[in-house]
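*Asks:* Quick one: sequence and predicted model below, then my questions.
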Amino acid sequence: MALPSAALGAGKRTEGKPRFPSVTSLPFMTLLRASIQTAIDRIDVASRWAIIAGFTVMVVVVSLQVIFRYFINVSLDWADELARLTFVWVAFLGVPHGAKIGAHVGIDSIAKLLPPNGLAHVFRVCCVAAAALMVVVSWQAVVIARETWDQLMPVLDFSTGWFYIAIVVCGLHTAIHFALLAWDHEPVLPAATIDA
Amino acid sequence: MTATAIIAFFALALLAMPLAFALGLAAFGGIIAGDVEWHVLPQRMMHAVNSFPLLAIPCFMLAGELMVEGGIMEKLVALANSVVGRVRGGLGHVTVVSAASLSAISGTAVADATALASTLGPSLAKYYGNGFGAAVVAAAANLGPIIPPSAAMIVYAYMAGPSVSVGALFMAGFVPGLVMAAAMMLLIWAIARKRGYPHTGERFSVVNVLVQLKRSFLIVLMPIVVVGGIVGGAFTATEGSAIAVVYALLVGLFVTRQLKLSDLPNAMFRAAITTGVVAILIAFASAVTFLLSIDLVPQKLTAFLQLVTRDPLVFIWIVMAVLMFVGMFLESNAAYIMLVPLLAPIAELYGIDPLHFGFVFILNLVIGMLTPPVGVLLFVVSSARQVPLNSLLVNVWPFIVCQFAVLVLCIVFPPIVTWLPRQLGY
């Protein structure tokens, strides 16, 4: 997928002019917006490196599994579980970055017909609804993580709750990006392709 | 509950909300309407994504990207040129053969289209005009998800459950992929002859072919090792995908020496974003599917379809017509994720071979990537080659017809799809 260049430079906010200057032009709101932006930029950078680290672990572990099986005749029991855990984290950590750059796919045929102002309002409502959904998902994932915290994975001595923590992080991070998009971003139509 | 979920989904999706979140809100609406526990949502999401087979998607994407960044395209094109460059419409044939070779490495159509457009696009435009050149690139890129490995097949096999394996689908795509490549080459030859396109390549020589084969040996070896290993049972598709990443990295760093370690983080990050987009779709779709199963929707849909027809072939044609329509508007992976859990079990009840049904399902939606109004490949190539969509459309329609003809062949003669996998024990 040809991602916008902004996606590659972590820490950079995607381009876009403020759509609702009446809100963001207030001095307090401007300061608040800038502070949130600084914080989310840092979170994005941390998340990006976590993804890269997780991806590396995933590839190394699965490759080692094959190498050990064929060349050393040893089976790595923990490899499958660790690979799945890192995959779940990598996949869910990737979700908010996709939201930030408009990489999530959708149907834009009808939205394109709307007048610019109507599109801006529809975009804002959709972003707020998606942000609210992700907050609910996070909250419920916390509930499940707490309930399952004492359950351990069969081989690794980790709590199965760690899988749900990935959803908690994904939900909150994605909700923040959707909220920021709703706050002052130009409408972004959904992507037409996932690249697969 | 189902009605709430379906109405919410369509309303939100048509308002351009990303499909994943439209599905999530639809599931949430259904949960509230059906008075289901809210924590079902994260539970279903985790159940859907916590899967070893899905891990193959980011790895194959990364491997393909590393191979292209590592400079394999020039070598693949040179090899293809040495074999088919001299035939009339040679550059078009080189594009198709390069796309087929690239498909055996990358497995995604959009990535293939971008790579082909940048390497062969300028020469195609010079000799055949920008419109026809771009059409050839877009059509040839469609081989990506058909010839193994294929991210689309991994998604389909996962959504279909144990009835069909990734390895079987990989092998099912091999013969139809070659048939489609041959059909497109025949079409290019006929058009080139009719329009009097000049000969472009050097005269065919076995020595030249062998020289080019030697130069690209390690690249050509990759699909043989990876797909061969998966089919031969040496490793699973997921393990094969990780091996492909390591292989691509070693080739790019030490053989072609065009890949830098500093390229790796960005490539991983891009693959992770794409994986996140697929994963959240699967996660929320799984929650919707769960609600549909509580309301016995699959059983009701089966009963309805069996009232319409009891003939398996008629059922396939109905599904194909629906998919043709869906493919015009919906991204193909989103379509697999939403429709496979509903339709694949019904196909089994009709006594249709799951492998045959799965492959024609995929092929139909892959062709959908080329059909307007939402033909993803048209957008990608039009943008990459700066070709107006109209000009591209005028030139691409014979290829669309050609690919649908291959689909019809695959439906009417199932052994085209199933013979090779059956020979290999699937």
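*Replies:* Thanks, I have it.
*Asks:* Phi and psi next, for the residue in chain A positioned nearest to chain B.
*Replies:* Among all residues of chain A, residue A:94 sits closest to chain B, at 2.6 Å; criterion: Cβ to the nearest Cβ. From N, CA and C alone the C-beta is placed, and that goes for glycine too. Dihedral angles phi and psi of residue A:94 (degrees, to the nearest 10) take the values phi -70, psi -20.
*Asks:* So it is in contact with residue B:270, correct?
*Replies:* No. At 9.5 Å, residue A:94 does not count as touching residue B:270 under the criterion of Cβ atoms under 8 Å.
*Asks:* For these two, indicate the residue with more neighbours.
*Replies:* Using other Cβ atoms under 10 Å in any protein chain shown as the criterion, residue A:94 and residue B:270 rank with residue A:94 on top: 30 against 23.
*Asks:* Next, the contact list for the more buried one, please.
*Replies:* Taking Cβ atoms under 8 Å, 6 or more residues apart in numbering or on different chains, we find residue A:94 in contact with A:51, B:272-277, B:279.
*Asks:* do that again at 6 Å, thanks
*Replies:* By Cβ atoms under 6 Å, 6 or more residues apart in numbering or on different chains, residue A:94 lies in contact with B:272-273, B:275-276.
*Asks:* what's the burial count for residue B:53?
*Replies:* There are 16 residues near residue B:53, going by other Cβ under 10 Å.
*Asks:* And the residue of chain B closest to chain A?
*Replies:* For chain B, Cβ to the nearest Cβ, closest residue to chain A: residue B:276, 2.6 Å.
*Asks:* other SSEs contacting the host helix or strand of that residue?
*Replies:* Element membership of residue B:276, judged by DSSP states H and E, is helix B:263-294. If you count contacts as 3 or more Cβ pairs under 6 Å, 6 or more residues apart in numbering or on different chains; DSSP states H and E, helix B:263-294 packs onto helix A:27-67, helix A:77-101, helix B:2-14, helix B:19-33, helix B:40-49, helix B:56-69, helix B:332-349.
*Asks:* of all these, which lies closest to residue B:218?
*Replies:* helix B:56-69 (10.4 Å; Cβ to Cβ).
*Asks:* With just CA atoms, put that closest one into PDB.
*Replies:* C-alpha atoms of helix B:56-69 as PDB (Å, rounded to 0.1, in the frame of the first residue of the first chain):
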ATOM      1  CA  ALA B  56       1.700 -15.000   7.400                       C
ATOM      2  CA  ILE B  57       0.000 -11.900   6.100                       C
ATOM      3  CA  PRO B  58       2.500  -9.300   7.400                       C
ATOM      4  CA  CYS B  59       5.400 -11.600   6.800                       C
ATOM      5  CA  PHE B  60       4.600 -12.200   3.100                       C
ATOM      6  CA  MET B  61       4.000  -8.500   2.700                       C
ATOM      7  CA  LEU B  62       7.300  -7.600   4.200                       C
ATOM      8  CA  ALA B  63       9.100 -10.300   2.200                       C
ATOM      9  CA  GLY B  64       7.700  -8.900  -1.100                       C
ATOM     10  CA  GLU B  65       8.500  -5.400  -0.200                       C
ATOM     11  CA  LEU B  66      12.100  -6.300   0.800                       C
ATOM     12  CA  MET B  67      12.600  -8.200  -2.500                       C
ATOM     13  CA  VAL B  68      11.400  -5.200  -4.600                       C
ATOM     14  CA  GLU B  69      13.400  -2.700  -2.500                       C
END
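*Asks:* by contact count, what packs against that helix?
*Replies:* helix B:151-160, helix B:237-250, helix B:263-294.
*Asks:* okay, those helices in JSON lines with distance to residue B:65 next?
*Replies:* Below are those laid out as JSON lines (distance: least, Cβ to Cβ, whole Å):
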{"stretch": "helix B:151-160", "distance to residue B:65": "12"}
{"stretch": "helix B:237-250", "distance to residue B:65": "8"}
{"stretch": "helix B:263-294", "distance to residue B:65": "5"}
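*Asks:* Near chain A, which residues of the stretch 1-150 of chain B are found?
*Replies:* B:13-21, B:24-25, B:38-39, B:41-42, B:46, B:49-50, B:52, B:55, B:108, B:110 (Cβ under 6 Å from any Cβ of the partner chain).
*Asks:* swap that for the stretch 151-300 of chain B, please
*Replies:* B:151-152, B:235, B:239, B:242, B:245-246, B:265-266, B:268-270, B:272-280.
*Asks:* The same query, at a cut-off of 8 Å, please.
*Replies:* Contact residues (Cβ under 8 Å from any Cβ of the partner chain) of the stretch 151-300 of chain B with chain A: B:151-152, B:155, B:234-235, B:238-239, B:241-243, B:245-246, B:265-266, B:268-281.
*Asks:* Show the contacting residues for residue A:110.
*Replies:* Per Cβ under 8 Å, 6+ apart, neighbours of residue A:110: B:14-16.
*Asks:* Next: residue B:257.
*Replies:* Applying Cβ under 8 Å, 6+ apart, no residues qualify as near residue B:257.
*Asks:* What of residue B:328?
*Replies:* B:368, B:371-375.
*Asks:* so where is chain A shaky, pLDDT-wise?
*Replies:* A:1-26, A:192-196 (pLDDT under 70).
*Asks:* Swap in 80 and give it another go.
*Replies:* A:1-27, A:109, A:188-196 (pLDDT under 80).
*Asks:* where does the residue lying closest to residue B:259 once chain neighbours are set aside land in three-state SS?
*Replies:* Closest residue in space to residue B:259, ignoring its immediate chain neighbours: residue B:252 at 2.8 Å, by Cβ to Cβ, 6 or more residues apart in numbering or on different chains. Secondary structure state of residue B:252, per DSSP: H, G, I helix; E, B strand; the rest coil, is helix.
*Asks:* Show the pLDDT at residue B:252.
*Replies:* Listed pLDDT for residue B:252 reads 90.
*Asks:* Kindly tell me how buried it is, as a neighbour count.
*Replies:* Residue B:252: 23 neighbours (other Cβ under 10 Å).
*Asks:* Surely it touches residue B:67?
*Replies:* Yes. Using Cβ under 8 Å, residue B:252 is in contact with residue B:67, at 7.0 Å.
*Asks:* related to what we said a few turns ago, looking at neighbours, which among the contacts of residue A:110 is most surrounded?
*Replies:* Of the contacts of residue A:110, with other Cβ under 10 Å as the count, residue B:16 tops at 24 neighbours.
*Asks:* What residue, apart from its backbone neighbours, is nearest it spatially?
*Replies:* Residue B:16 sits nearest to residue A:111 (Cβ to Cβ, 6+ apart), 3.4 Å away.
*Asks:* That neighbour contacts residue A:188, doesn't it?
*Replies:* No. Residue A:111 is not in contact with residue A:188 according to Cβ under 8 Å; the separation is 10.6 Å.
*Asks:* Which neighbours do those two have in common?
*Replies:* Common neighbours of residue A:111 and residue A:188 (Cβ under 8 Å, 6+ apart) do not exist.
*Asks:* rewinding a little: any chance of the helices and strands packed on helix B:263-294 in TSV, with distance to residue B:85 too?
*Replies:* Formatted as TSV, the helices and strands packed on helix B:263-294 follow (distance: least, Cβ to Cβ, whole Å):
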stretch	distance to residue B:85
helix A:27-67	37
helix A:77-101	40
helix B:2-14	46
helix B:19-33	42
helix B:40-49	45
helix B:56-69	21
helix B:332-349	32
